[in-house]
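Colleague: What follows is a predicted structure for the sequence shown.
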Amino acid sequence: MTEHTPSQAPIIWWLRRDLRLVDNPALAAAVATGDPVIPVFIFDTLDEGLGAAPRFRLGLGLAHLARRLEQMGSRLILRRGPAQDVLANLITECNAQAVHWTRAYDPDAIVRDIGIKNSLKEQGITARSFGGNLLFEPWTVETKTGGMYRVYSPYWKAVRDRDVEDQIAPPAKVPKPRQWPVSDDLDSWQLASAMRRGADIVAQYCRVGEEAAQARLDEFLHNRVADYKVARDFPAIDATSGLSENLAWGEISPRRMWHHGLEAQRAGKPGAETFLKEVVWREFAYHLMFHTPHILTQNWRPEWESFNWSERDDEAVDAWRRGQTGYNFVDAAMREMYVTGKMHNRARMIVASFLTKHMLTHWRVGQKWFEQCLVDWDPASNAMGWQWVAGSGPDASPFFRIFNPDGQLDKFDAKGSYQSAWIAEGQPNPPQTALDFYAAIPESWELLAGNARAVPFLDLKGGRARALEAYGQRELADG
């Protein structure tokens, strides 16, 4: 190989969901050339479709990374518009010689990126895409007979003993260009505007940036991973890593989580393997999204297309959205989401089961609502999670598994701590978390802490019976 001679022609480091300096192969490769590097985030036309909470959380992540780069003598350049057009303009403005980026795996991004790579190469511009947001590229994990995995357990067995590349250290500095291109002002993008008054509430619960993510991981593995396997199912216990929001925006790499989790496992901490399995559960979601992209918009199992889910936006769905079903587990979970921007994993299963089974409402209704409300929204995990619970997805919860929200409370919140934290009605002195729900939600909902508790709008036993009958009819129809 010929040795690269640094030039004054810069490399554009195009950031997407990889808002970190540690273990960022696209950045490391650019810095290694010795050439000037221009960090750029493009609010692309695909990003315009982001929901209120993801858009808001993206803004927090960009502001943090911009400060980090400034501390290193660099800058984050912000531009808005179709990525191909923006990159073309930047290349002309800066006389850039190359563009580096971290791969995305959703179908729309793949089409966009292939088009951009081909266009840049035709212009003589080096275009390089890198891994870094997954442990394994989806096309590198195949069954023994070839092809994709469709069930999680065999997937886990296939990858658990694979070598995972080492982490890449952050650069000591990012070489800067002679002249910086003009940047948009982040505030002008108004990424928090759709959150309205909820932004200030949710912001209190966000831990933004790679330093916070690394501290979260270290604290979890030091103090809580030993009990993780059991304690993670109890929503009132602070038992999880809390890294979903950081992982969703690439403020931490899965490789870092994997290697540190392996160290904990080797140290004999019993919950470490369960933690590693959760990291791989996310990998499996991306594996499915890459190979079967219809999972994002259609029933993964085609035989479920005939199932008669309701897609009506009626009063019952509104009650579900607003935490007004009258069932404490469902309502507490929805309120937790509006206050924190996140929802405990078991709670997600309960609210999804209630919507898709007791209410027989299409999983797409819930999926779309979560897209609006979660700061840790992830396209692959969100789609797979909803379809897993609904029964239409891979490795799905069987149709007869219908979570009873009251029974689940008895099992996982026997002391009522989770309910009390998020439901103010009926409490003489409700905690601030429960009161914050009323400060975060739209005023148009006209909900007040002094209101009477909502009365359940459906009977759990009757709802279960209807679901079982509907699922049974689908089985018969499919022969």
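Modeller: Thanks, I have the structure now.

Colleague: show me what contacts Glu165?
Modeller: Arg255 (C-beta atoms under 8 Å, 6 or more residues apart in numbering). In short, each C-beta sits where N, CA and C put it, glycine included.

Colleague: residue contacts, Arg55?
Modeller: Applying C-beta under 8 Å, 6+ apart, one finds that Arg55 lies in contact with Asp47, Leu191, Ala192, Ala194.

Colleague: now what about stretch 214-223, what contacts it?
Modeller: With C-beta under 8 Å, 6+ apart, stretch 214-223 has contacts from 22, 207, 240-243, 246, 252, 256-257, 260-261, 263-264, 269, 272, 275.

Colleague: where do the helices sit along the stretch 301-450 of the chain?
Modeller: 315-321, 328-340, 345-353, 363-373, 379-390, 405-412, 417-422, 432-440 (DSSP state H, counting those that start in this stretch).

Colleague: Minimum distance to Val159: which of those has it?
Modeller: helix 379-390 (15.9 Å; C-beta to C-beta).

Colleague: now that closest one and helix 363-373, what's the angle there?
Modeller: 140 degrees (axes from the mean of the first three to the mean of the last three C-alpha atoms, to 10 degrees).

Colleague: And helix 379-390, what does it pack against?
Modeller: With contacts taken as 3 or more C-beta pairs under 8 Å, 6 or more residues apart in numbering; DSSP states H and E, helix 379-390 sits against helix 272-291, helix 345-353, helix 363-373.

Colleague: List just the one of these that sits closest to Ala30.
Modeller: Closest among the helices and strands packed on helix 379-390, once you apply C-beta to C-beta, is helix 272-291, at 24.3 Å.

Colleague: Tell me the buried residues in the closest one?
Modeller: Under the neighbour-count criterion of 16 or more other C-beta atoms under 10 Å, helix 272-291 has 272-273, 275-291 buried.

Colleague: With mean pLDDT added, can I get the helices and strands packed on helix 379-390 in a markdown table?
Modeller: Below are the helices and strands packed on helix 379-390 laid out as a markdown table (pLDDT from 0 to 100):
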| stretch | mean pLDDT |
| --- | --- |
| helix 272-291 | 97 |
| helix 345-353 | 96 |
| helix 363-373 | 97 |
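
Colleague: Dump those to a markdown table, plus distance to Ala333.
Modeller: A markdown table is the format used below for these (distance: least, C-beta to C-beta, whole Å):
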| stretch | distance to Ala333 |
| --- | --- |
| helix 272-291 | 19 |
| helix 345-353 | 3 |
| helix 363-373 | 11 |
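
Colleague: Would you list the phi and psi of the residue nearest the centre of the chain?
Modeller: Of all residues in the chain, the one closest to the mean position by C-alpha atoms, centre = their mean is Asp378, 2.7 Å from it. Dihedral pair for Asp378: phi -140, psi 120, per degrees, to the nearest 10.

Colleague: ok, it - contacts?
Modeller: Asp378 neighbours (C-beta under 8 Å, 6+ apart): Ser244, Leu247, Ala248, Arg282, Ala285.

Colleague: quick one: it and Ala83, what's the gap?
Modeller: Using C-beta to C-beta, to the nearest Å, Asp378 is found at 20 Å from Ala83.

Colleague: Next: Leu135.
Modeller: 26 Å.

Colleague: Look at the two and report which has more neighbours.
Modeller: Legend: neighbour count by other C-beta atoms under 10 Å for Leu135 and Ala83, higher for Ala83 (24 against 21).

Colleague: my guess is that one meets Arg112, correct?
Modeller: Yes: using C-beta atoms under 8 Å, Ala83 makes contact with Arg112 at a distance of 6.3 Å.

Colleague: Now for these two: what residues contact both?
Modeller: Common neighbours of Ala83 and Arg112 (C-beta under 8 Å, 6+ apart) are Asp44.

Colleague: domain ranges for this protein?
Modeller: Split into domains by automatic domain parsing, the chain comes to 8-132, 134-165+197-291, 302-477.

Colleague: Out of those domains, the one nearest Pro181 is which?
Modeller: Here domain 8-132 is closest among the domains of the chain (C-beta to C-beta), at 5.1 Å.

Colleague: What mean pLDDT does the closest one get?
Modeller: In this model, domain 8-132 has an average pLDDT of 97.

Colleague: Please state the offset of that domain from the chain centre?
Modeller: In terms of C-alpha atoms, centre = their mean, to the nearest Å, the centre of domain 8-132 is set 20 Å apart from its chain centre.

Colleague: And Phe130, how close does it get to Asn24?
Modeller: Between Phe130 and Asn24 the computed distance is 8 Å (C-beta to C-beta).

Colleague: can you check Thr361 too?
Modeller: For Thr361, the distance to Asn24 - C-beta to C-beta - is 40 Å.

Colleague: now swap in Ile114 and tell me
Modeller: If you go by C-beta to C-beta, the gap between Ile114 and Asn24 works out to 22 Å.

Colleague: Looking at the two, which is more packed in?
Modeller: Asn24 (27 against 11).
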